[in-house]
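J.: Have a look; sequence and predicted model below, questions after that.
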Amino acid sequence: MSRLMRRLPDIDSLVPYIGTILLILGGSIFYPQILGVDYLTQQLQISAFLGLLALGATLVILLGHIDLSVPWILGGAAILSTSLAGTGDTVLTALAIPAALLFGALIGIVNGVGVAILRIPSMVWTLAVNSMLLGVAVLNTGGFNPKGEASNTMIWLATGQLAGIPAAFIVWMAVAGMMALLLTRSGFGRYLSAIGYNEKATFLSGVSTPSVIFAAFAIAGVCSALGGVLLAGYANQAYQSMGDPFLLPTIAAVVIGGTSILGGRGSLVGTIGGVLFITLLTSILSVMQISDAWRNITFGMIIIVMLLLQTLRKKGG
Amino acid sequence: MRDLLRANQRETIAFSVLVALLVSYLATHPAGPTTYVMTIWANQCLILALAAIAQFFAVIVRGIDLSVGAIMALTNCIASYLVIGTGAEMAFGIIVVLAAGVGCGVLNGLLVVYGRIQPIVVTLATASVFVGLALLLRPTPGGQIDYDLADALTLDVLGVPTALVITAAVIGLIWVPLRRTGLGLGLYAVGSSEQAAFQSGMPVAKIRLASFALGGLFAGLAGLYFSLVTTTGDAGIGPNFTLNSIAAVVLGGVALRGGVGTLTGAIAGAFILKTIGALMFFSGLPPLAQPFVEGLILAAAIAIGGADVLRVKNKLEVFGR
């Protein structure tokens, strides 16, 4: 029994799921179509894009760092994959996805070098990396929307279905599953939280902390790149600054999921719940056709309330 | 003098970089170092400098403020309604604008201190609310600012750009006195070690609230000055300023871990960042390459600032950073 208790997820990570259910029920009072299978499947598909980014961000935040280069890793991967697929050449088309993922990993390692070796605060270093990537993209495409199109695989991954379940959702869950294994069943996962708690102590216990940081940023880069590939498949093109609207919701999703922004404590289950909550919230707010202004205000207020609930619960308990 | 320079090593480096950049900017500018060129440059710099000061007050107490740009957008939109008309009306408008800035800052502070949520997350959420409010006021850019007032504060006084006079006033009349008060000392104490500050009997909660209020005030001033320079209200100005203000304080030698750095450094950082941008414009580089080179210079400047890590003798020292 006690083992079972230990395996149950932390209550912090359940809060966003409760919020999600309340959102669905509350929304369905005004818009009954929200309870429909079509609407909910579509939400699962859309949440996969944010979800992949948030999985990577969870790793980095567990370390006690933050990755602000998400928007242009996403954008760069989308531009790279669509321009490779747009050539029409079979080999290059096949290479589109691997090349984009490799790109993500490389940029992730650049992030890791700045953070782990040069000891530059991740918030500033990843920001600088982001603006360099933006510069490269502008230089390459001339400031116009890049040419090229998504390959059939990319389109299927983003919009296809497998037994009624969106392929994008399956990809998201597969990545989440692999990452969960990595976090719970390998030394890497333990080192990750350990560094988030106390980097010095972890280093002194003989862990090669820089390589853990490299790996975490590289995996986060791959996740962002995969998100970019799927998004490019969804839109069948890459466009300038396609990643910008994703940066803040990604961090919000991770934090609502109960992961401490200071590092060391958190869970993937919570992040997935946070992503579902934020996607549904955004979607319901746009279904309600209220203005941009009120959408922003409601979004911010609900996030504050969720976070206040977390602290209140901790104080009471 | 040498001791003074050594004690303020980070600021000294920032200022030398700034002077070097400014000289090359004036040398490459086709019109040369005229008052007009200097005024345009100083106006742009001052907007970011005020935003960087707002960020400085958050960072010095080991926080971060992602709502600086959003507060600027909100105050800019308020100003585009109120800072026009008779003298009394404008004075009232300015007070409302600054009060709104302080209000936003205090809200952030209350959520951080009493809500016990990390500043980065609080300001992420409140930024969304502030931008929403700004959009309510100005769904599309528009409105107007009194031209006479704008001219008075954005041109020059006897050949010296007014923006530089304002910068000097902020340092001389606000920062230097503030640094000598209990609050000024408290900011550094809380930033260095909140626990130690608490145990030595400092009103930690009040100091944090005050620093957020000051941050809000300066974000409001940044929004107000932005309004004077552009003479319209625009709810979409936020994101750029938030990120640049963080980059500016780091360039100016303020440590993101709190307790290290000065307001003058933050101002210097903002001036450096804007001068790099201005330098690009006249450098003869192909326009499309400019964003990349700008990013590269930013990254290089930050990396050089962090390069002394390669010289430390004991590897454990680096973990304190």
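T.: Cool, got the structure. Residues are numbered from 1 along each chain as shown, chains lettered A, B, ... in the order given.
J.: nearest residue to residue B:147 other than its sequence neighbours?
T.: residue B:231 (6.8 Å; C-beta to C-beta, 6 or more residues apart in numbering or on different chains). C-beta here means a position set from N, CA and C on the backbone, and glycine is covered the same way.
J.: Now that we're looking at the one you found, what pLDDT does it have?
T.: If you check residue B:231, the pLDDT there is 87.
J.: Roughly how far does it sit from residue B:237?
T.: Using C-beta to C-beta, to the nearest Å, one gets 13 Å for the distance from residue B:231 to residue B:237.
J.: and what of residue B:56?
T.: For residue B:56 relative to residue B:237 (C-beta to C-beta), the value is 20 Å.
J.: Below-threshold pLDDT in chain B: ranges please.
T.: Along chain B, the parts satisfying pLDDT under 70 run over B:1, B:7, B:304-321.
J.: Domain ranges for it, per the record?
T.: Per the record, chain B has its domains at B:2-284, B:290-321, by automatic domain parsing.
J.: Tabulate those (JSON lines), appending mean neighbour count.
T.: JSON lines is the format used below for the domains of chain B (neighbours: other C-beta atoms under 10 Å in any protein chain shown):
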{"stretch": "domain B:2-284", "mean neighbour count": "21"}
{"stretch": "domain B:290-321", "mean neighbour count": "15"}
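J.: Tell me which helix or strand the closest residue to chain B within chain A sits in.
T.: Residue of chain A nearest chain B, by C-beta to the nearest C-beta: residue A:135 (2.7 Å). Using DSSP states H and E, residue A:135 maps to helix A:122-141.
J.: what's the next secondary structure element after the helix or strand hosting residue A:184?
T.: Secondary-structure assignment from DSSP H and E places residue A:184 in helix A:167-185. Note on helix A:167-185: by DSSP H and E, the next helix or strand toward the C-terminus is helix A:187-197.
J.: buried sites along the helix or strand following that next one?
T.: Counting by DSSP H and E, the next helix or strand C-terminal to helix A:187-197 is helix A:199-204. For helix A:199-204, a neighbour-count test (16 or more other C-beta atoms under 10 Å in any protein chain shown) marks A:199, A:202, A:203 as buried.
J.: Could you report the pLDDT at the first one?
T.: Here, the pLDDT recorded for residue A:199 equals 85.
J.: follow-up on the earlier one: which of the domains of chain B sits closest to residue A:240?
T.: Smallest distance to residue A:240 across the domains of chain B (C-beta to C-beta): 11.4 Å, for domain B:290-321.
J.: ok, and what's touching the helix or strand encompassing residue B:153?
T.: Secondary structure from DSSP H and E places residue B:153 in helix B:147-154. Outside helix B:147-154, the residues that touch it by C-beta atoms under 8 Å, 6 or more residues apart in numbering or on different chains are B:39, B:43, B:83, B:90, B:162, B:163, B:166, B:225, B:228, B:229, B:231.
J.: Chain B contacts on the stretch 101-250 of chain A?
T.: A:114, A:117-121, A:123-125, A:127-129, A:131-136, A:138-139, A:142-143, A:199-200, A:203-204, A:244, A:248 (C-beta under 8 Å from any C-beta of the partner chain).
J.: what do you get if the cut-off is 7 Å, keeping everything else the same?
T.: A:114, A:118-121, A:123-125, A:127-129, A:131-132, A:134-136, A:138-139, A:142-143, A:199-200, A:203, A:248 (C-beta under 7 Å from any C-beta of the partner chain).
J.: returning to what we had before: narrow the contacts of helix B:147-154 to those in helices?
T.: Of those, the ones assigned to helices by DSSP state H are B:39, B:43, B:90, B:162, B:163, B:166, B:225, B:228, B:229.
J.: Need the max-distance pair from those residues.
T.: B:39 and B:90 (21.9 Å).
J.: picking up where we left off before, biggest separation within the contacts of helix B:147-154, which pair?
T.: B:39 and B:90 (21.9 Å).
J.: ok so, going back, so what's the gap between the helix holding residue A:135 and the chain middle?
T.: Between the centre of helix A:122-141 and the centre of its chain there are 19 Å (C-alpha atoms, centre = their mean, to the nearest Å).
J.: Okay, buried residues for the helix or strand following that helix please.
T.: Per DSSP H and E, the first helix or strand lying C-terminal to helix A:122-141 is helix A:152-159. For helix A:152-159, the neighbour count (16+ other C-beta under 10 Å) marks A:153, A:154, A:155, A:157, A:158, A:159 as buried.
J.: surely residue B:94 meets residue B:84?
T.: No: using C-beta atoms under 7 Å, residue B:94 is not in contact with residue B:84, being 11.0 Å away.
J.: neighbours of residue A:165, just the number please.
T.: Residues lying near residue A:165 (other C-beta atoms under 10 Å in any protein chain shown) number 13.
J.: ok, now how distant is it from residue B:82?
T.: 54 Å.
J.: And the strands in the stretch 51-200 of chain B, which stretches?
T.: B:156-157, B:160-161 (DSSP state E, counting those that start in this stretch).
J.: Give me the contacts around the first one.
T.: This points to strand B:156-157. The contact list for strand B:156-157 (C-beta atoms under 7 Å, 6 or more residues apart in numbering or on different chains) reads B:35, B:39, B:162, B:165.
J.: Give the pairing partners of that strand; include direction for each.
T.: Using DSSP bridges, the strands paired with strand B:156-157 are strand B:160-161 (antiparallel).
J.: which residues does the nearest residue to residue A:75 once chain neighbours are set aside contact?
T.: Of all residues not flanking residue A:75 in the chain, residue A:243 sits nearest, at 4.5 Å (C-beta to C-beta, 6+ apart). Residues near residue A:243 by C-beta under 7 Å, 6+ apart: A:70, A:71, A:72, A:74, A:75, A:228.
J.: Count the residues that sit near the fifth one.
T.: When neighbours are defined as other C-beta under 10 Å, residue A:75 has 27 of them.
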